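1. turn this into a model:
(chains A, B and C)
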Amino acid sequence: MRSHRWSMRRVAAAVSVLALTIAGCADREGDSRSASAADSGFPLTVTTPDGGKLTLESKPERIVSLSPTATEMLYAVGAGDQVVAVDDQSNYPKDAPRTKLSGLTPSPDKISDYAPDLVVVDNDVDNLSATLDKIGTKTLILPAAKTLDDAYAQFELVGKVTGHPDEGKDLADRTKREIEKIVADAPKPADPLTYYHELDQTYYTVTSETFIGQVYALFGLRNIADGDDPSAHGGYPQLSAEKIIEADPDLIFLADTICCGQSPETVRKRPGWDTLTAVRNGHVIALDDDIASRWGPRIVDLVRTIADAVEKVEGAG
Amino acid sequence: MTTRPVTRLRARTLAGGIAVLLATMLMAVLIGAAELGWQRVLAEIWAQLVGGTSPLSEREAAILWQLRVPRVLLAGAVGAALAMSGAAFQGVFRNPLADPFLLGAAAGAGMAATIVVVFAPALTLWAASALPVAAFAGAVGGVALSWLLSTSYGGVSPTTLLLAGVAVSAFLTAVQTFVQQLNADTIRQVYNWMLGGLAITGWADFVSVIPYIGAAAVVLMVCARLLDVLSLGDAEAASLGVNPGRLRLLLISAASLATAAAVSVSGLIGFVGIIVPHFIRLTVGASYRVIVPLSVLGGASFLIVADQIARTAMPGELPIGVVTAFAGAPFFIIVLRRNAEKLW
Amino acid sequence: MVSPVVELRNVRAGYRDRLVLDGVSLTVSAGEWMAVIGPNGAGKSTLVKAMLGLTRLGGEVLIRGRDRRTLPARESARIIGYAPQQPAIPGGLTVTDYVLLGRTPHLGLLARERSADQRVVADVLRRLDLDKLAARRLGTLSGGERQRAVLARALAQQADVLLLDEPTTGLDLGHAQALLDLVDRLRREDGTTVVSTLHDLTLAGQYADRVLLLDGGETVAAGPPEEVLTPELLARHYDADVEVVTVAGRQVVIPVRTNGR
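-> The predicted structure is shown next:
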């Protein structure tokens, strides 16, 4: 009789323990699920663009960005709250915490003042990553993209390392789709249009081998600077005014409106340039220097501007 | 080559120099980056002279008359300015290594250009034309500073001037580097300008510098003889009735004015100021009566050829300073070997 | 009484950090040859520079009775010709070029040398036996030839006064004599006044009309050679043992070794 009750009690205890356990487990699962939703994937190891590996123990909450393009990416994937400081050239978005930190000549001391857990750069100047590693800070190097796919990969990567993997992937896919659509909708003249992309008023330009050259190439535009060898001068040759006028490009894109004060008016005033068809027909397009030199999400704006320009030329007949 | 007793600028030599200059100018105008075809360019020039129909399209004519011709003329003016200033400085300092940038003209221009690029780019349309003006002011300022510094020590002997120039150049260059470091994004712009080049020049630039270079040329050619007197040293020059201090001031002012004008449009082009006067000295004679005028002609021809190479040798533009060094150095070595005993 | 062509009145002269001449007064009459002698550091070269108006600090230097400071440089250059002790030799210039430089005070700023100037130079070259070297570059001449070229340049100035600072430097016995003979002949022909600093006391005695002995920046003695070149004066100021004998009517100064054999 006693054994019976005892075993009953035992069973009851066991069942209640079991029930509690199950309930507890269920809760814990829910906890861990919500915990992993908040810490999704951390600790995390990713492959960086240079082929190396970067491991982050936890989601970075104090990010310092020394790359204006990376700044744009960080905010676009929703990691803006985790950014504590951006460099002096990061002017977009406007509410990013801009500081006097320099991305071109970074100072590890000044950077460490912000106690970052992740520093994002586009160039490992003076072995910055090794210096920061000594004080326990991780560095993510996102070099200039060579192709659009590189750029998309960087969007995803930024999303992952900041704990916004879905947003990162979404941004990449969205950007890709938008660009493809704009390109598809743009007119494709049988005779490809020629263009000249100006980097500064001493006629430095890009060839089709560069990142931006490839963006233009999506529209079938031909670069007057390609010549026989587009990879000459590392993709950034200096043309002479004579050659530009001789080539008479259908489109002129000015990427030196901010740095060097160029505009369609200043271009028209240049000696001999008023004979160019692009100048006469108003096909000189002023670009935003920053958008034209970065490989961030705003590349879509550039693509749109190019498409509009092509339409304008084609529409004019 | 037997030397004549008196080193004088003979009509034959002068005519030869002018002929070389005209030939280089013609060739530079006929052949350029854009392929207009030299026959068509000749036809165009002829048409303009005698009033026929132009064989060139409007764009091609613009290339020729708005870009190429002013650029060739400007290359000549800059080359002449640098070479004759180099000759003047060599005479004033009695030093074969003297060049027009000795007293801080280059350092001053570079610093002024950097300051404009860094602090005044916001004045966008302004910035484009502010750069030459600033470079000019900087060059003149650098030389003035060297002069003031050396006169504060009483007496402007060539040695004190030279040392003051070295000090001022070093200081101004340091300021420039410092400002650049703080604004590293502007380095490329300033560096482009400093490497030297006539890539974005037109008639406006030529018109703006020719008064200075022309005036300086007149002064230096008139004083060429006095440069010979100055080469005897201050005491002997004074005994011949020349005021060495005042003469030095005049010569340095004229030469620096021409140098500043040249630098303001073309950036810093080295090598011309030293080599061309020496070349004349070795091939024609050691008197400044010959060296100064022939440096004007020779410097102009040299830089016209160098600029032509800079704009046609490769698809893009070569920095002209590279061309002057590449082309000039071996040529000069050959001349030096043949005439070494004539050097002072 | 003809006023002296060069006169120094209580001239104090020197350089930034030290005074070399302390109150020197002298007169040089037209046509005479004055030799300036004195031990090292006495101020001979400074005296020459003071006459050229290069270092004067106090006192007056009168040229033809006019204060030097009031004379324009070119005019005083037409009166005083200068051949320095260590001339700058621009090696690339020809002898003719170099001697032509002597004509500078006679040319306007813009003027080239006229045929008159060329004639003067040709004449001078001939007189100094340099005409065969007319086209040679200065850097290729021997020491003696170069000295003659320097003198030629000073002569080309056609100045009334020739200021010669140690003109026999580096010349051997024969060349030194020849040069001084030449200067003497020229001055007799042209009536030029000569002021020369001379190291060699015998030569000073043989060619000069008057000798000026400088010591410690002061004039110690001035007068005809026989009055100045005396063993007492020379022993006192040169601190040297000498004997002075007369040969052909001129003083010859002989250093005598008194200690040792």
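2. can I assume B:G32 is in contact with B:T312?
-> Yes. Using CB atoms under 8 Å, B:G32 makes contact with B:T312 at a distance of 6.3 Å. Heads up, the C-betas are built off the backbone N, CA and C, glycines and all.
3. so who does B:L36 touch?
-> A:E246, B:L56, B:E60, B:I63, B:L64 (CB atoms under 8 Å, 6 or more residues apart in numbering or on different chains).
4. so what's the residue in the stretch 201-317 of chain A that chain C sits nearest to up against?
-> Using CB to the nearest CB, the single residue of the stretch 201-317 of chain A nearest to chain C is A:P271, 38.8 Å away. Residues near A:P271 by CB under 8 Å, 6+ apart: A:A241, B:A62, B:Q66, B:L67, B:P70, B:G202, B:W203, B:A204.
5. pull the contacting residues for the residue of the stretch 151-261 of chain C found nearest chain B.
-> Here the stretch 151-261 of chain C gets closest to chain B at one residue, C:Q157, 7.3 Å apart by CB to the nearest CB. Shown in contact with C:Q157 (CB under 8 Å, 6+ apart): B:L240, C:A77, C:R78, C:G81, C:G102, C:R103, C:P105, C:H106.
6. state the pLDDT value of it.
-> Among the per-residue scores, C:Q157 holds a pLDDT of 92.
7. I'd assumed B:V156 was in contact with B:A164.
-> No. Between B:A164 and B:V156 there is no contact under CB under 8 Å: 9.0 Å.
8. mutual contacts of these two, please.
-> B:W147, B:S150.
9. residues in contact with A:D173?
-> Contacts were defined as CB under 8 Å, 6+ apart; by that measure A:D173 touches A:Y152.
10. what's the closest non-adjacent residue to B:A204?
-> A:P271 (7.5 Å; CB to CB, 6 or more residues apart in numbering or on different chains).
11. name the element that neighbour belongs to?
-> Following DSSP states H and E, there is no helix or strand that holds A:P271.
12. tell me the pLDDT at it?
-> Listed pLDDT for A:P271 reads 87.
13. which residue ranges of the stretch 51-200 of chain A form helices?
-> With DSSP state H, counting those that start in this stretch as the definition, the stretch 51-200 of chain A shows helices at residue ranges A:68-76, A:108-112, A:128-134, A:148-161, A:165-185.
14. any chance of these in TSV, with mean pLDDT too?
-> Supplementary listing: the helices of the stretch 51-200 of chain A in TSV, determined by pLDDT from 0 to 100:
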stretch	mean pLDDT
helix A:68-76	94
helix A:108-112	90
helix A:128-134	89
helix A:148-161	93
helix A:165-185	93
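15. one step back: and of the contacts of C:Q157, the nearest to B:Q48?
-> Closest approach to B:Q48 among those (CB to CB): C:R103, at 48.4 Å.
16. give me the distance between the closest one and B:V229.
-> Distance of C:R103 to B:V229, given as CB to CB, to the nearest Å: 10 Å.
17. can you check B:I18 too?
-> The gap separating B:I18 from B:V229 is 27 Å, by CB to CB.
18. same thing with A:L118?
-> Distance from A:L118 to B:V229, by CB to CB: 73 Å.
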